[in-house]
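*Asks:* Return a 3D structure for these sequence lines:
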Amino acid sequence: MSQNFTQNLPIEIFAKIIVLVIDVDTNKEAMRRLLLLMSVCRAWREVALTFPQLSTHIWLTRAEPVIDLLHRSGTLLLHIYSLEYPPLGLGYQDTADSDVALLNLILPHFDRIVHASI
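*Replies:* Below is the predicted model:
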């Protein structure tokens, strides 16, 4: 029997497990864990993308994912992180203009930010 254990769990319970797994002290480790969990399979990725609680940790990488996470997080409280390095070798450019643009994206959500490492 090679049935996936997550098929027997209610999606809400599995989403809470993911939240507990990514809740760590360092933003780099949280990002790594979330990306790892989302890459396990399509079902796990869909859970991560469906539940707003899993979109409340936002890394300031590029405008498109930041806008997407802000939208998916709804009205929940936010944790904002800047990146001090190009994550996973994806070649993000660290320019003052892009930093200002990203900060301008989160500014309208300032009242929801409970933690920021910028």
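
*Asks:* Could you pull up the contacting residues of Leu103?
*Replies:* Listed by CB atoms under 8 Å, 6 or more residues apart in numbering, the contact partners of Leu103 are 60, 118. Yep, even glycine has a C-beta here, placed from its N, CA and C like the rest.

*Asks:* Wait, a helix at it?
*Replies:* Yes: counting by DSSP: H, G, I helix; E, B strand; the rest coil, Leu103 is located in a helix.

*Asks:* which helices and strands sit right next to the helix or strand of the chain with the lowest mean pLDDT?
*Replies:* Ranked by mean pLDDT, DSSP states H and E, the weakest helix or strand in the chain is helix 27-38, scoring a mean of 78. In this structure, helix 27-38 packs against helix 11-22, helix 42-50, strand 57-60, strand 78-82, with contacts taken as 3 or more CB pairs under 8 Å, 6 or more residues apart in numbering; DSSP states H and E.

*Asks:* And that helix, what's buried?
*Replies:* Judged by neighbour count (16 or more other CB atoms under 10 Å), helix 27-38 contains these buried residues: 27, 30-31, 34, 37-38.

*Asks:* Redo the helices and strands packed on helix 27-38 as TSV? Include mean pLDDT, mean neighbour count and distance to Leu70.
*Replies:* Output for the helices and strands packed on helix 27-38, formatted as TSV (pLDDT from 0 to 100; neighbours: other CB atoms under 10 Å; distance: least, CB to CB, whole Å):
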stretch	mean pLDDT	mean neighbour count	distance to Leu70
helix 11-22	82	15	18
helix 42-50	84	15	14
strand 57-60	86	23	7
strand 78-82	87	19	8
